[in-house]
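Engineer: Compute the structure for the input listed below.
(chains A and B)
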Amino acid sequence: DQQVKQNSPSLSVQEGRISILNCDYTNSMFDYFLWYKKYPAEGPTFLISISSIKDKNEDGRFTVFLNKSAKHLSLHIVPSQPGDSAVYFCAASGAIAGKSTFGDGTTLTVKP
Amino acid sequence: DGGITQSPKYLFRKEGQNVTLSCEQNLNHDAMYWYRQDPGQGLRLIYYSQIVNDFQKGDIAEGYSVSREKKESFPLTVTSAQKNPTAFYLCASSIRVGSDEQFFGPGTRLTVL
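Structural biologist: Prediction:
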């Protein structure tokens, strides 16, 4: 049973528009959520995180929203740039849940 | 210049041979991890270690072994028992297991001939 799901394998947006990447989780013991960005043949790099005590965290063009009741989080990228084209992984962990569990990723393509 | 190094970048192995992938970190992190990524799929956890001389099986540990004799090093051995070893292998570390971001190495692509 997959505890962290990214239901959209791919997303294509126009440069300058908003990109919204979604993630759902099932384990209520998760209390820390992270987004990573990955280019082909490279390791993922940390992008932004959010603790379960918050419902929003913002860092420049990137904002993560957390809806605990729906067990849903989303990453908003505004404005989207061609350099944002990559695979984005959602991950969940916690003091009790322990190690991070990753979703399968969403491939974002930003068209010039 | 702190970070995680993995070597080699590309590795070829004949069927039936064991092979060891190297992972070193100089971030002074307690926790280290090994993941496997197959084309079009996410990261699947093979093994992780919370502290020296301790490690735990992840979701797909069969056919793999690890050791954690030093804080900086967490080598992964892909044994001949692993049925489909061809994949991209990623090593990562974090301050501790749980609520911390993980820092990833550049990965090793293993191909079994």
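
Engineer: list the contacts for the residue of chain A found nearest chain B?
Structural biologist: Using C-beta to the nearest C-beta, the closest approach of chain A to chain B is made by A:G43 at 3.1 Å. Just so you know, the C-beta spots here come from the backbone N, C-alpha and C atoms, and that holds for glycine as well. Shown in contact with A:G43 (C-beta atoms under 8 Å, 6 or more residues apart in numbering or on different chains): B:I4, B:L90, B:A92, B:F104, B:G105, B:P106, B:G107.

Engineer: out of those residues, which touch chain A?
Structural biologist: B:I4, B:L90, B:A92, B:F104, B:G105, B:P106, B:G107 (C-beta under 8 Å from any C-beta of the partner chain).

Engineer: Include distance to A:A95, pLDDT and secondary structure when you put these into a markdown table, please.
Structural biologist: Compiled in a markdown table, these are given as follows (distance: C-beta to C-beta, whole Å; pLDDT from 0 to 100; DSSP: H, G, I helix; E, B strand; the rest coil):
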| residue | distance to A:A95 | pLDDT | secondary structure |
| --- | --- | --- | --- |
| B:I4 | 24 | 95 | strand |
| B:L90 | 24 | 96 | strand |
| B:A92 | 19 | 95 | strand |
| B:F104 | 22 | 95 | strand |
| B:G105 | 26 | 96 | coil |
| B:P106 | 30 | 94 | coil |
| B:G107 | 29 | 95 | coil |
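
Engineer: what's the farthest-apart pair in those residues?
Structural biologist: Farthest apart among those by C-beta to C-beta are B:A92 and B:P106. That separation is 11.2 Å.

Engineer: the more surrounded of these two?
Structural biologist: B:A92 (27 against 15; other C-beta atoms under 10 Å in any protein chain shown).

Engineer: Any figure for the gap between the more buried one and A:G105?
Structural biologist: Separation of B:A92 from A:G105 (C-beta to C-beta, to the nearest Å) stands at 15 Å.

Engineer: got it, and A:S51?
Structural biologist: Using C-beta to C-beta, A:S51 is found at 22 Å from A:G105.

Engineer: Then B:A87?
Structural biologist: 15 Å.

Engineer: The worst-scoring helix or strand of chain A on mean pLDDT vs chain B: in contact?
Structural biologist: Lowest by mean pLDDT, DSSP states H and E among the helices and strands of chain A is strand A:98-102, with a mean of 85. Yes. Using C-beta under 8 Å from any C-beta, we find that strand A:98-102 touches chain B at A:G98, A:K99, A:S100, A:T101, A:F102.

Engineer: Pick the one among those closest to B:E62.
Structural biologist: Nearest member of those to B:E62, counting by C-beta to C-beta, is A:K99, at 17.9 Å.

Engineer: can I assume that closest one is in contact with B:V97?
Structural biologist: Yes. Judged on C-beta atoms under 8 Å, A:K99 makes contact with B:V97 at a distance of 5.2 Å.

Engineer: and the longest strand belonging to chain A, anywhere near chain B?
Structural biologist: Scanning chain A for the longest strand, with DSSP state E as the assignment, gives strand A:86-94. Yes. Residues of strand A:86-94 contacting chain B under C-beta under 8 Å from any C-beta: A:F89, A:A91, A:S93, A:G94.

Engineer: what distance separates that strand from the centre of its chain?
Structural biologist: 5 Å (C-alpha atoms, centre = their mean, to the nearest Å).

Engineer: tell me which parts of chain A are close to chain B?
Structural biologist: So chain A meets chain B at A:6, A:9, A:31-32, A:34, A:36, A:41-46, A:49, A:51, A:89, A:91, A:93-95, A:97-105 (C-beta under 8 Å from any C-beta).
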